[in-house]
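In: Have a look at this prediction, sequence included:
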Amino acid sequence: MKFYQKEIQLSQKQRGFHLVTSEIVLSIKEISDIDIGVLHVFIKHTSASLAINENADFTVREDFEAHINEMVPEDMPYYKHNYEGSDDMPAHIKAALFGSSIQIPVSNGKLNLGTWQGIYLGEHRDFGGMRKIVITLIGN
Amino acid sequence: MKFYQKEIQLSQKQRGFHLVTSEIVLSIKEISDIDIGVLHVFIKHTSASLAINENADFTVREDFEAHINEMVPEDMPYYKHNYEGSDDMPAHIKAALFGSSIQIPVSNGKLNLGTWQGIYLGEHRDFGGMRKIVITLIGN
Amino acid sequence: MKFYQKEIQLSQKQRGFHLVTSEIVLSIKEISDIDIGVLHVFIKHTSASLAINENADFTVREDFEAHINEMVPEDMPYYKHNYEGSDDMPAHIKAALFGSSIQIPVSNGKLNLGTWQGIYLGEHRDFGGMRKIVITLIGN
């Protein structure tokens, strides 16, 4: 029975969706000790999100950004929380829709992802800065 | 290696988003025994949700409610499941979009949340009643 | 302390939302050995999703499909990733919104679901084929 936990900072990203699989995997080398387990990744912010999606074509990530901006637009007349900028309130809603954490099975010392899966950081602020994440690995 | 589990009822809330961090934390005092772990919270309903977002300004929660009502409106002409009231079918969809569970890392006996993060109950029915949640704590 | 993990293929489904609770529960009989734990289910694809919602009336699942097609339409003029068919890019976005994994508490050898809760597969492609999922059970 093994538990590992690490808090890291992701490099600063511009607004949009970004593949961060290697930034995360490289920081948790202890994964090679785990036969069966789960990797849990949590983002400590309310205006950025984690998700799992297509890892190959970068236009998928551009289309995510284009469409989520339609689904959760800026400057809606009913927004009351608007004193931190037009990008702020939509960022909170987007973060909750995609979610603050992901869980990935670990099998034979590796993340058991599908061929086309990667980890997305959704940076929903215009200038979000470096984002802190907590990585917890539970397995045997 | 420690496992704790508890089923509790949240106090009744009106439709909208509500901070329930303390209701949850107070019910799981065993968290202080955990060095490294994960807290898993699950809601046993299909018309209410759990999410993590901004814990300070209550207008953020009001804006969540205003916007999700635009994204998932009542009385869409294509809804077939409409015999439990106008608020019912949208409540199911909202619940699945935000999700039925949250996972939060535990570090040194405490939830390892970011400064501005709290736990939201999304009450998506007009009269949802008391909501049951199951809290599971895994750690060492 | 017990860990079980199994990779299975779900039978092929048509586009829409499908109840897969029994397909999953039948494949993990070891659950009866667990007093307290969590079942983690992960889908190894980027155009299908897992969620938890209403297990009784099939029109709920039809309304999910009708409404998500409104929220994430095909053929939006700003989609750049369009060479795999009109259903492809929306499928990626839907998959990330509902999510790639679910977590359900295990209590006394059984899934601790609410009365009306079941596990949904969201098949977001027109012809998605068989979908692989990884089931991980952690408990004591």
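Out: On my side now, so go ahead.

In: can you pull the pLDDT of the nearest residue in space to residue A:14 that is not next to it in sequence?
Out: Among residues not flanking residue A:14 along the chain, residue A:123 sits closest, at 6.7 Å (Cβ to Cβ, 6 or more residues apart in numbering or on different chains). For every residue, glycine as well, the C-beta is placed using N, CA and C. Residue A:123 carries a pLDDT value of 98.

In: count of residues packed around residue A:123?
Out: For residue A:123, the number of neighbouring residues by other Cβ atoms under 10 Å in any protein chain shown comes to 26.

In: Next: residue A:96.
Out: Residue A:96 has 27 neighbours, counted by other Cβ under 10 Å.

In: Find the nearest non-adjacent residue to it, please.
Out: Nearest residue to residue A:96 in three dimensions, chain neighbours excluded: residue B:51, at 4.3 Å (Cβ to Cβ, 6+ apart).

In: Surely residue A:75 is in a helix?
Out: No. Secondary structure of residue A:75 (DSSP: H, G, I helix; E, B strand; the rest coil): coil, not part of a helix.

In: OK, contacts around residue A:73?
Out: By Cβ atoms under 8 Å, 6 or more residues apart in numbering or on different chains, the contact set of residue A:73 is residue A:90.

In: Check which element follows the helix or strand hosting residue A:51 along the chain.
Out: Element membership of residue A:51 [criterion: DSSP states H and E] is strand A:48-54. Counting by DSSP H and E, the next helix or strand C-terminal to strand A:48-54 is helix A:58-71.

In: So residue A:17, which state does it fall into?
Out: Classified using three-state DSSP, residue A:17 is strand.

In: On the strand side of things, show who it bridges to.
Out: Counting by DSSP bridges, residue A:17 is bridged to residue A:122.

In: So it is in contact with residue A:61, correct?
Out: Yes. Residue A:17 is within contact range of residue A:61, at 4.0 Å (criterion: Cβ atoms under 8 Å).

In: which residues do those two both contact?
Out: What both residue A:17 and residue A:61 touch, as defined by Cβ under 8 Å, 6+ apart, is the set A:53, A:120.

In: Could you check which of the two has the larger neighbour count?
Out: For residue A:17 versus residue A:61, neighbours defined as other Cβ under 10 Å are more numerous around residue A:17 (24 against 21).

In: coming back round to it: which residues touch the residue nearest to residue A:14?
Out: A:13-18, A:48, A:131.

In: what about it, distance to chain C?
Out: Distance, residue A:123 to chain C, using Cβ to the nearest Cβ, to the nearest Å: 14 Å.

In: List the buried residues in stretch A:22-39.
Out: The neighbour-count check on stretch A:22-39 (16 or more other Cβ atoms under 10 Å in any protein chain shown) flags A:23-25, A:27-28, A:30-31, A:34, A:36-39 as buried.

In: I meant stretch A:100-120, not that one.
Out: Across stretch A:100-120, burial judged by 16+ other Cβ under 10 Å covers A:100-107, A:111-114, A:116-120.

In: Would you map the strands across chain A?
Out: A:2-10, A:16-19, A:36-43, A:48-54, A:101-107, A:110-111, A:117-123, A:131-139 (DSSP state E).

In: quick one: strands adjacent to the shortest one?
Out: As defined by DSSP bridges, the strand partners of strand A:110-111 come to strand A:101-107 (antiparallel).

In: Is residue A:101 in contact with residue A:41, as I believe?
Out: Yes. Counting by Cβ under 8 Å, residue A:41 is a contact partner of residue A:101 at 6.3 Å.

In: Residues that sit against both of the two, list them.
Out: Residues touching both residue A:101 and residue A:41 (Cβ under 8 Å, 6+ apart) are residue A:50.

In: Write out the residues of chain A neighbouring chain B.
Out: When proximity is defined by Cβ under 8 Å from any Cβ of the partner chain, chain A lies next to chain B at A:1, A:3-5, A:7, A:40, A:42-46, A:71-72, A:76, A:78-81, A:89, A:92-93, A:95-97, A:99-101, A:103, A:132, A:134, A:136, A:138.
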